[in-house]
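K.L.:
predicted model follows, preceded by the sequence.
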Number of protein chains: 2
Amino acid sequence: MKYCYPYPHPAVTTDMVIFTIRDSQLCVLLIKRRDEPFKDQWALPGGFVAEDEDIEQCAMRELREETGIDKVYLEQLYTFGKPDRDPRERVITVAYYALLPSDQLAIRAASDAVDVKWFEVSSISKLGFDHNQIVNIAQQRLIAKLDYSTIAFQLLPDLFTLTEVQRVYEIILGQAIDKRNFRKQILALDNLQKTKQQRRDGAHRPAFLYKLKKRDRIEWIR
Amino acid sequence: MKYCYPYPHPAVTTDMVIFTIRDSQLCVLLIKRRDEPFKDQWALPGGFVAEDEDIEQCAMRELREETGIDKVYLEQLYTFGKPDRDPRERVITVAYYALLPSDQLAIRAASDAVDVKWFEVSSISKLGFDHNQIVNIAQQRLIAKLDYSTIAFQLLPDLFTLTEVQRVYEIILGQAIDKRNFRKQILALDNLQKTKQQRRDGAHRPAFLYKLKKRDRIEWIR
DNA sequence: TCAAAAGTGTTCTCTTTACACCCATGC
DNA sequence: GCATGGGTGTAAAGAGAACACTTTTGA
């Protein structure tokens, strides 16, 4: 009990909603908690903000601890602070969401977890804390942002086919998109560079691979 | 020093960006600080989150303390947590913004302020803490949200003319809008109810007053 | 009677949608 | 040669932008 203050201070954590596309499904990374509260239940990865750590750095650290990955899209989502959301003490959590390219799926359990796994967003059951709500809000944000930004490319590897881009949109929006109209629109953004490489993928015509003109840059559209 | 924890806990505050329209300008409420740090400088109203208080309730309390007003539009903006943003100690702030109808402008200095005043957003000088950044982000959010929600009506009184609605849009967006197109669009939302009342306002034809069909409801458009 | 803001439709342009066939490959 | 996904254009409909005159009032 070394840290004392004249007024009560809440604990502050970050929780991460880490999205990826896996087997044509939008998935979220969850951990099985090693400790109470909600021991052995699934929950979002997260942890306490250290004394001299920026909250975004804290979120990046959590991400690195669970995935070993560093340079991915990360955005603050919302701050949740109901007084009773953690049974131990007052904990305010700043939720972030991250988008992981589908070719970078190595994961490992951090020290606070006995297991770590990808779950399809559509089939997540009851999580610890208020984490179902956090996942829902993250999913809404992701859907909304597809419409007015180029965020979807953050879920794709460096090289991708146009059909792969379309799949990402269809999976997140949950509806089919017309192929020709989609290609027209996505190419009109002037973000994509056609390469000379092709991908052979079964008994059909190979697809050209594209890359982003400016990787790591989210553009706003409309 | 009664509140002790085994790990360091940051202080958590809420800061409020309270917008209104005054004299055809977008304005923000600022307080002149009574105490250090940044004593006698202008800053956003805000305060510490109490032990058993939801953070949104805390923001509403701040709003009430400065304006006496309770039922206005309030939305969480962003959480700022750089370790050195407050010289006293580690303080993480959850920023909110509020929209005040232009007929409810009574304000009073709360106990932590020696003065309180409306400032035009366009002419705010250096504020305490990182509050200039917070105001900028709030203004960006407001501009963005005009486009895809009916948030603008939260800056208007219960009864208003169509020209007044248009002025709100023009002031926030900083550009003139075509009158006929604007009216067509705003009436197409099917949110407005024309009343039989008119407002006489100088040497010209009086304007019909409108009201919202569902006050307190923000609709998403597009 | 003059000045000032309220109120009101149509045309044109651009954007969005709907829709069908040939191509390159693996088996 | 046949099944599979890759790749391409045009026409119709809908949305957004441009634009000017009459009405009502107060002074």
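P.N.:
In hand now; what should we look at?
K.L.:
just the helices in chain A please.
P.N.:
Secondary structure of chain A (DSSP state H): helices at A:55-67, A:131-148, A:162-173, A:179-188.
K.L.:
most tightly surrounded among those helices?
P.N.:
Ranked by mean neighbour count under mean count of other CB atoms under 10 Å in any protein chain shown, these are led by helix A:55-67, which reaches a mean of 20. For the C-beta atoms, the positions are set from N, CA and C on the backbone; glycine is no exception.
K.L.:
is it up against chain B anywhere?
P.N.:
Yes - with CB under 8 Å from any CB of the partner chain as the criterion, chain B is reached by helix A:55-67 at A:I55, A:E56.
K.L.:
packing partners of that helix?
P.N.:
When contacts are defined as 3 or more CB pairs under 8 Å, 6 or more residues apart in numbering or on different chains; DSSP states H and E, helix A:55-67 packs onto strand A:11-22, strand A:25-33, strand A:46-48, strand A:73-80, strand A:91-99.
K.L.:
how does it look with 7 Å?
P.N.:
With contacts taken as 3 or more CB pairs under 7 Å, 6 or more residues apart in numbering or on different chains; DSSP states H and E, helix A:55-67 sits against strand A:11-22, strand A:73-80, strand A:91-99.
K.L.:
what's it in contact with?
P.N.:
A:14, A:16, A:18, A:29, A:45-47, A:49-50, A:69-70, A:74, A:94, A:96, A:98, A:100, A:106-107, A:110, A:116, B:79, B:81, B:92 (CB atoms under 7 Å, 6 or more residues apart in numbering or on different chains).
K.L.:
any idea how far apart the tips of stretch A:191-207 sit?
P.N.:
End-to-end distance for stretch A:191-207: 18 Å, by CA to CA, to the nearest Å.
K.L.:
what is the rounded mean pLDDT of that stretch?
P.N.:
Average pLDDT, stretch A:191-207: 96.
K.L.:
what about the residue of chain A found nearest DNA strand D, how many residues close to it?
P.N.:
Residue nearest to DNA strand D within chain A: A:H204 (2.5 Å; CB to the nearest atom of the strand). By other CB atoms under 10 Å in any protein chain shown, the residues close to A:H204 number 7.
K.L.:
same question for A:D130.
P.N.:
17.
K.L.:
what's the spacing between it and A:Q76?
P.N.:
17 Å (CB to CB, to the nearest Å).
K.L.:
over to A:A203?
P.N.:
Distance from A:A203 to A:Q76, by CB to CB: 45 Å.
K.L.:
please identify which of the two sits among more neighbours.
P.N.:
A:Q76 (17 against 5).
K.L.:
count the neighbours of the nearest residue to the more buried one once chain neighbours are set aside for me.
P.N.:
Ranked by CB to CB, 6 or more residues apart in numbering or on different chains and with sequence neighbours excluded, the top spatial neighbour of A:Q76 is A:Y96, at 5.5 Å. Neighbourhood size, A:Y96 [other CB under 10 Å]: 26.
K.L.:
which residues of chain A lie near DNA strand D?
P.N.:
When proximity is defined by CB under 7 Å from any atom of the strand, chain A lies next to DNA strand D at A:161-163, A:179-181, A:183-184, A:198, A:201-208.
K.L.:
try 6 Å
P.N.:
A:T161, A:L162, A:T163, A:K179, A:R180, A:N181, A:R183, A:A203, A:H204, A:R205, A:A207, A:F208 (CB under 6 Å from any atom of the strand).
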